[in-house]
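Participant: got a structure for you, letters missing:
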């Protein structure tokens, strides 16, 4: 009996790098749909006359669709195939964009946001699994790296382009979504030509609609750290996406929509670059060290920043204070301190000078060289002025 995958096989189907690019583009496009609203929230607020609280709820209702996708449709692509699931996610994104395009009140925005969350939830899981099967490598973490970084690229580009259209083009609440629909049409064509990797897809009726929420017993302990890290990081991203434009307008009197989009674009690009630059660093060490600083109010600017003079593990900032941080995983704090050689100090200081020389506000920045020691079964220890007073 001819399977769906065999029936859909074409001589000119995308495979290899082209297929990987097509799937990554789909993920980026879907995530872009969630942030095209970021610079437009202020305009919607003025057009429909709703409060700041309503604005926050419009943003947050996205989670309803996202949770439905993850809990109910999490295994959709395993059952019916990667390509049908991806096309379904794209169709849901098209429905969401159409609602935004013709929105007349807050209810339209709420429904559109729910559909956006649903489409992204289905598309993200499908895309990551598809990439893992398309990439000819035993290291399947590469698929997660590509998926996550392209997701952030999509988030950033969605906000940037939307902000520029809102500021410099006519019909900001219409033109943005009209162009986004054109992008989705292009992505749909790419996905339609991409090789299916599920050999024996089933039917939609085979998919259980019963919500499932579980973590395999053998990975539950290891699951906690990345789950908490992901929650904290995405909560910060959500805060910027939902409220940053309003804060810029109300507190800083910056009403330029392009600047609001560019602010979120900067955040997303730093996140995408950080994912790519830290791929070889132990994820546990990176997560714990970054979390220890983030909980103190520092913003992570770079991880494993490379220069011609050497590499800096972490660069963080709070206000005008910039930290250049060495991260050491050792059995004790003393061993971690001793692991920083004098040659390392000179390397880090030289690399820091190069980084600082490229900052437009270099003149008002204060600098400190710290260390974060990642120790067994302990919260990371943040040592301030780690280089000071060493013999």
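Facilitator: Done, it's in. Bear in mind the structure is a predicted one, so any value in this text is a computation, not a measurement.

Participant: pLDDT wise, what is the spatially most central residue of the chain at?
Facilitator: The centroid of the chain falls nearest to residue 152 when counting by CA atoms, centre = their mean (3.7 Å). With respect to pLDDT, residue 152 scores 89.

Participant: which secondary structure state does it sit in?
Facilitator: Per DSSP: H, G, I helix; E, B strand; the rest coil, the local secondary structure of residue 152 is helix.

Participant: give me the number of residues near the residue lying closest to it once chain neighbours are set aside?
Facilitator: Among residues not flanking residue 152 along the chain, residue 272 sits closest, at 4.0 Å (CB to CB, 6 or more residues apart in numbering). Just so you know, the C-beta spots here come from the backbone N, C-alpha and C atoms, and that holds for glycine as well. Per other CB atoms under 10 Å, the neighbour tally for residue 272 reads 20.

Participant: rewinding a little: the residue nearest to the centre of the chain reaches residue 274, doesn't it?
Facilitator: No. Contact criterion CB atoms under 8 Å: residue 152 and residue 274 do not qualify, at 9.0 Å.

Participant: hmm, back to that, list the helices and strands the helix or strand hosting the residue nearest to residue 152 packs on?
Facilitator: Assigned by DSSP states H and E, residue 272 falls within helix 257-277. When contacts are defined as 3 or more CB pairs under 8 Å, 6 or more residues apart in numbering; DSSP states H and E, helix 257-277 packs onto helix 41-48, helix 141-168, helix 220-251, strand 299-307.

Participant: buried stuff in it?
Facilitator: Within helix 257-277, the residues that qualify as buried are 257-265, 267-275, counting by 16 or more other CB atoms under 10 Å.

Participant: hang on, the earlier thing: for residue 66, which of the helices and strands packed on helix 257-277 is the nearest?
Facilitator: When these are compared by CB to CB, helix 220-251 sits nearest residue 66, at 10.6 Å.

Participant: do a quick rundown of the helices in the stretch 251-391 of the chain.
Facilitator: For the stretch 251-391 of the chain, the helices defined by DSSP state H, counting those that start in this stretch cover 257-277, 283-294, 333-338, 342-357.

Participant: check the offset of the shortest one from the chain's centre.
Facilitator: On the basis of CA atoms, centre = their mean, to the nearest Å, helix 333-338 sits 34 Å off its chain's mean C-alpha point.

Participant: go on, stretch 165-183?
Facilitator: Here stretch 165-183 shows a centroid-to-chain-centroid distance of 23 Å under the convention CA atoms, centre = their mean.

Participant: check stretch 12-28 too.
Facilitator: Its chain's C-alpha centre and that of stretch 12-28 lie 19 Å apart, by CA atoms, centre = their mean.

Participant: and stretch 320-328, by the same measure?
Facilitator: Distance, stretch centre to chain centre, for stretch 320-328: 23 Å (CA atoms, centre = their mean).

Participant: can we start the residue count at 36 from this point?
Facilitator: Got it, the first residue is 36 from now on, which makes the last one we talked about stretch 355-363.

Participant: next, the buried residues of that stretch.
Facilitator: Applying 16+ other CB under 10 Å to stretch 355-363 flags 357, 358, 359, 360, 361, 362, 363 as buried.

Participant: out of the helices of the stretch 286-426 of the chain, which is closest to residue 281?
Facilitator: Comparing the helices of the stretch 286-426 of the chain under CB to CB, the one sitting nearest is helix 292-312, at 9.0 Å.

Participant: what angle do that closest one and helix 255-286 make?
Facilitator: Put simply, helix 292-312 runs at 160 degrees to helix 255-286, going by axes from the mean of the first three to the mean of the last three CA atoms, to 10 degrees.

Participant: and helix 292-312 with helix 76-83, angle?
Facilitator: Relative orientation of helix 292-312 versus helix 76-83 (the same axes, to 10 degrees): 140 degrees.

Participant: mind giving me TSV with the buried residues of stretch 355-363 and columns for distance to residue 72?
Facilitator: Output for these, formatted as TSV (distance: CB to CB, whole Å):
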residue	distance to residue 72
357	32
358	33
359	36
360	35
361	40
362	36
363	42
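
Participant: could you list which of the residues you listed belong to strands?
Facilitator: 357, 358, 359, 360, 361, 362, 363 (DSSP state E).

Participant: pick the one among these closest to residue 177.
Facilitator: Nearest to residue 177 among these, with distances taken as CB to CB, is residue 362, at 23.0 Å.

Participant: where's that closest one relative to residue 380, distance?
Facilitator: Counting by CB to CB, to the nearest Å, the separation of residue 362 from residue 380 is 15 Å.

Participant: now do residue 159
Facilitator: Distance from residue 159 to residue 380, by CB to CB: 42 Å.
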